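S.K.: Generate coordinates for the sequence data below:
(2 chains)
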Protein chains: 2
Amino acid sequence: MRFRHHVFVCENRRDPSDPRGCCAAKDSHAVLDAFKGELHRRGLKGKIRANSSGCLDNCADGPSVVVYPEGVWYGHVRPEDVPEIVESHLVNGVPVERLRLKKYD
Amino acid sequence: MRFRHHVFVCENRRDPSDPRGCCAAKDSHAVLDAFKGELHRRGLKGKIRANSSGCLDNCADGPSVVVYPEGVWYGHVRPEDVPEIVESHLVNGVPVERLRLKKYD
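M.R.: You can find the predicted model right below:
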C-alpha cells in the first residue's frame, strides 16, 4: 500500500443558492489545511497523505472526510478535530467514534 | 464499506511553466468524465464512485488514478482505457496489469 492512510477531504463548492449546500461553504479547506499541517508537523508526509476531493456525496453531513484503505467516514469535521483524528486514528489506529458516520460502515 | 470501489482521478493543475507538469494538462478531466459515464451507463452509480482529487503525488506518471479500498494505482490513463478498467477491475475484480503502477503495490 503506497500510503498507510489516504485521507480525502471534500472541497466541492456549489452556488450559494443551491439548497444542498456544500463542504467548501462549511470551511472544508481549513480542514484539509489542518490535516496537511498536522501530518507535516509529525513527520508523516509521504507515509500518510491528505488530499482534496470533489463531492463525496455526503453534503448534509459535511465537511466530509473519508480515510482509506479502511473506508472510515467522518462528518461535520472542524479544523480543531483534526489533531485528534491524526493522533487517535491515523497514528494509533483507533477511529474517532464521535465524528464517524456509522451509517457508512 | 459505503462504495464497493472508490476511484480518485487527479485533476491537479499547475502553471504551464512548472517542470513537474500536471494531470490536468494531460487531459485527466476526460478520464474522470469517462469513469462517470461508464459507471452511469452500467447502472453502478451509488455502488462505485468516481471522484476528482487534488495532486496524488504521481505527476510524472499521470494521469493518475487510485482505486480504494484495494489501493491499486494506475498511471498514464487515457479515456479510452476506462471501459477496460471498469469491466475488468471494478466489475470483475481483476486489475488491468498493463496500466498498474506496480511500484506502489
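
S.K.: if you skip the residues just before and after it, what's nearest to the most centrally placed residue in chain A?
M.R.: For chain A, the residue lying nearest the average C-alpha position, counting by Cα atoms, centre = their mean, turns out to be residue A:65 (2.9 Å). Once flanking residues are discounted, residue A:65 sits nearest to residue A:74: 4.3 Å by Cβ to Cβ, 6 or more residues apart in numbering or on different chains. For every residue, glycine as well, the C-beta is placed using N, CA and C.

S.K.: Please apply the same query to residue A:52.
M.R.: Excluding the flanking residues, the one nearest residue A:52 by Cβ to Cβ, 6+ apart is residue B:54, at 3.5 Å.

S.K.: Verify the contact between residue A:8 and residue B:51 for me.
M.R.: Yes. Contact criterion Cβ atoms under 8 Å: residue A:8 and residue B:51 qualify, at 7.4 Å.

S.K.: helix or strand for residue A:67, which one?
M.R.: In this assignment (DSSP states H and E), residue A:67 forms part of strand A:65-68.

S.K.: Check the nearest residue to residue A:47 once chain neighbours are set aside and give its pLDDT.
M.R.: Residue nearest to residue A:47 in three dimensions, not counting chain neighbours: residue A:4, with 5.2 Å by Cβ to Cβ, 6+ apart. Listed pLDDT for residue A:4 reads 97.

S.K.: show me the contacts for the residue nearest to residue A:52.
M.R.: Shown in contact with residue B:54 (Cβ atoms under 8 Å, 6 or more residues apart in numbering or on different chains): A:11, A:51, A:52, A:53, B:10, B:11, B:12.

S.K.: Alright, that wraps it up for me.
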